[in-house]
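Student: 3D, please:
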Amino acid sequence: MGAGPAPEILHRLLNGLAWLVRLRLLPSLMPFSFLIHQVSNRVRWGEHRGGMFVDITGTDACGVPVTHSWHLLAEGDDGPLIPSMACQAIIERCLAARRPVAGARAATTDLELEDYEALFARRAIHTGTRRSDPETATQPLYQRLLGDAWHALPAPLRAMHHLASPQVAAGQADVLRGSGPLARLVAFVVGFPAAGQKVPVQVAFTPGADGECWTRTFAGRSFTSFQSAGRGASAHLLRERFGPLTFDLALLVEGAKLRLVVRRWSLWGVPLPLILAPGGDSYETVIDDRFHFHVEIRHRLIGLIVSYRGWLEIGQRRSTYF
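Tutor: Reported below is the predicted structural model:
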């Protein structure tokens, strides 16, 4: 189970103070409660997003290891409302003539997850489940990461990411490049495409045991990345590596869109501050029953690096693995 305040620095400071109590260097954090409250309400930078996850690990009837996880994502300022929703759920049950039984007892069945989900649906609060076992281990990368949210994706997106074997997709894209000298340097080093309209695009997807190799070719110029499942603190995130740079991305299903949001990044394995990470609006969607992509890479210090958007159609499947 995991939960914590944001921004991350407050979470780390709270951990440090808790260790001082554990080591008996401080008797209690009660004298600091007012200060902690004031700081947490005034330090407002970071994303307005909260969440939690619960993992349960065990074995099935055949003795096979199985892990089930439930996760929750709350956008905006809806997260802090969740603890009080139990009161609303109980009141709504009473109004529906389903009063709790009187008396002291275990009340574990008085409220179920379905009661909360009905309240979550009225706000920007989303939940989902994942299962990890030998059967799901053979699923395509994106299906494993998305869990039951995979089935909410439009069919063209599922088809593009259902990589049971190597495949090639082709289409067109409009490319816009940043004009600053640093932006041009970064784009040149990574191999991002030159600016242009209706540029021919081909993407070769090569799945393997550890992930997927994506080779994108714009008008004859290629750049490659390797995608895999994140580990440790980046579990359930998509890890994409461009040479020495690695980005851990959250996959967010928003209606007909699959949005990719940078959560962590590193250089040669050394974690870097998220505030310095490149960002931008990047997502996949469906327009006229066709797979469309929109990728924007910009940096707060150097501006736009590259932006490309267009469409792809699966053209052929290859028969060799790397």
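Student: what lines up beside the longest strand along the chain in the sheet?
Tutor: What stands out as the longest strand in the chain, according to DSSP state E, is strand 303-317. Note on strand 303-317: by DSSP bridges, its sheet partners are strand 167-177 (antiparallel), strand 290-299 (antiparallel).
Student: and residue 55, which of these is closest to it?
Tutor: Of all these, it is strand 290-299 that lies closest to residue 55, at 31.8 Å by C-beta to C-beta. (C-beta placed from N, C-alpha, C; glycine too.)
Student: what mean pLDDT does that closest one have?
Tutor: Averaged across strand 290-299, pLDDT comes to 95.
Student: can you pull the alpha-carbon coordinates of it into CSV?
Tutor: Extracted C-alpha coordinates of strand 290-299, given in CSV (Å, rounded to 0.1, in the frame of the first residue of the first chain):
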residue,chain,number,x,y,z
ARG,A,290,-7.7,5.5,-37.7
PHE,A,291,-4.8,5.5,-35.2
HIS,A,292,-3.5,9.1,-34.7
PHE,A,293,-0.6,10.3,-32.6
HIS,A,294,0.3,13.7,-31.2
VAL,A,295,3.8,14.0,-29.7
GLU,A,296,5.1,17.3,-28.3
ILE,A,297,8.5,17.6,-26.6
ARG,A,298,9.4,20.9,-25.0
HIS,A,299,11.5,22.1,-22.1
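Student: what sits up against it?
Tutor: Residues outside strand 290-299 that contact it (C-beta atoms under 8 Å, 6 or more residues apart in numbering): 156-157, 159-160, 169, 173, 178, 183, 186, 192, 278-286, 304-313.
Student: Repeat the analysis, applying 7 Å as the threshold.
Tutor: For strand 290-299, the external contacting residues (C-beta atoms under 7 Å, 6 or more residues apart in numbering) are 156-157, 160, 278-286, 304-313.
Student: quick revisit: quick one: buried residues of the longest strand of the chain?
Tutor: For strand 303-317, the buried set under the neighbour-count rule, 16 or more other C-beta atoms under 10 Å, comprises 304-312, 314.
Student: Out of these, which is nearest to residue 27?
Tutor: Residue 27 has its nearest neighbour among the buried residues of strand 303-317 in residue 305, at 51.6 Å by C-beta to C-beta.
Student: and the gap between the closest one and residue 263?
Tutor: Residue 305 is 19 Å from residue 263, where distance means C-beta to C-beta, to the nearest Å.
Student: just the strands in the stretch 1-150 of the chain please.
Tutor: Taking DSSP state E, counting those that start in this stretch to define them, one finds strands in the stretch 1-150 of the chain at 49-59, 65-75, 125-132.
Student: For the shortest one, which strands pair with it and how are they oriented?
Tutor: It stands for strand 125-132. The strands beside strand 125-132 in its sheet (DSSP bridges) come out as strand 65-75 (antiparallel).
Student: Run the angle between the strand it pairs with and strand 49-59 for me.
Tutor: Relative orientation of strand 65-75 versus strand 49-59 (axes from the mean of the first three to the mean of the last three C-alpha atoms, to 10 degrees): 170 degrees.
Student: what residue ranges in the stretch 1-150 of the chain are flagged as low confidence?
Tutor: Applying pLDDT under 70 to the stretch 1-150 of the chain picks out residues 1-8, 44-48.
Student: which helix of this protein spans the most residues?
Tutor: In the chain, assigned by DSSP state H, the helix with the most residues is helix 8-22.
Student: Tell me the helices and strands packed up against that helix.
Tutor: For helix 8-22, there is no helix or strand it packs on, judged by 3 or more C-beta pairs under 7 Å, 6 or more residues apart in numbering; DSSP states H and E.
Student: now it: how far from the chain's centre is it?
Tutor: Counting by C-alpha atoms, centre = their mean, to the nearest Å, helix 8-22 is centred 26 Å from the centre of its parent chain.
Student: got it, and stretch 263-274?
Tutor: Relative to its parent chain, stretch 263-274 has a centroid offset of 16 Å by C-alpha atoms, centre = their mean.
Student: Then stretch 131-142?
Tutor: 17 Å.
Student: And stretch 21-34, by the same measure?
Tutor: How far stretch 21-34 lies from its chain's middle: 35 Å, per C-alpha atoms, centre = their mean.
Student: can you check stretch 84-100 too?
Tutor: 33 Å.
Student: CA atoms of that stretch as PDB?
Tutor: This file holds the C-alpha atoms of stretch 84-100, laid out as PDB (Å, rounded to 0.1, in the frame of the first residue of the first chain):
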ATOM      1  CA  SER A  84     -15.500  11.800   4.000                       C
ATOM      2  CA  MET A  85     -17.200   9.900   1.200                       C
ATOM      3  CA  ALA A  86     -17.900   7.000   3.700                       C
ATOM      4  CA  CYS A  87     -20.400   9.300   5.400                       C
ATOM      5  CA  GLN A  88     -22.100  10.200   2.100                       C
ATOM      6  CA  ALA A  89     -22.200   6.500   1.100                       C
ATOM      7  CA  ILE A  90     -23.800   5.500   4.400                       C
ATOM      8  CA  ILE A  91     -26.400   8.300   4.100                       C
ATOM      9  CA  GLU A  92     -27.300   7.200   0.600                       C
ATOM     10  CA  ARG A  93     -27.700   3.600   1.700                       C
ATOM     11  CA  CYS A  94     -30.100   4.800   4.500                       C
ATOM     12  CA  LEU A  95     -32.100   6.800   2.000                       C
ATOM     13  CA  ALA A  96     -32.400   3.600  -0.100                       C
ATOM     14  CA  ALA A  97     -33.700   1.700   2.900                       C
ATOM     15  CA  ARG A  98     -30.500  -0.200   3.500                       C
ATOM     16  CA  ARG A  99     -29.700   0.900   7.000                       C
ATOM     17  CA  PRO A 100     -26.700  -0.600   8.700                       C
END
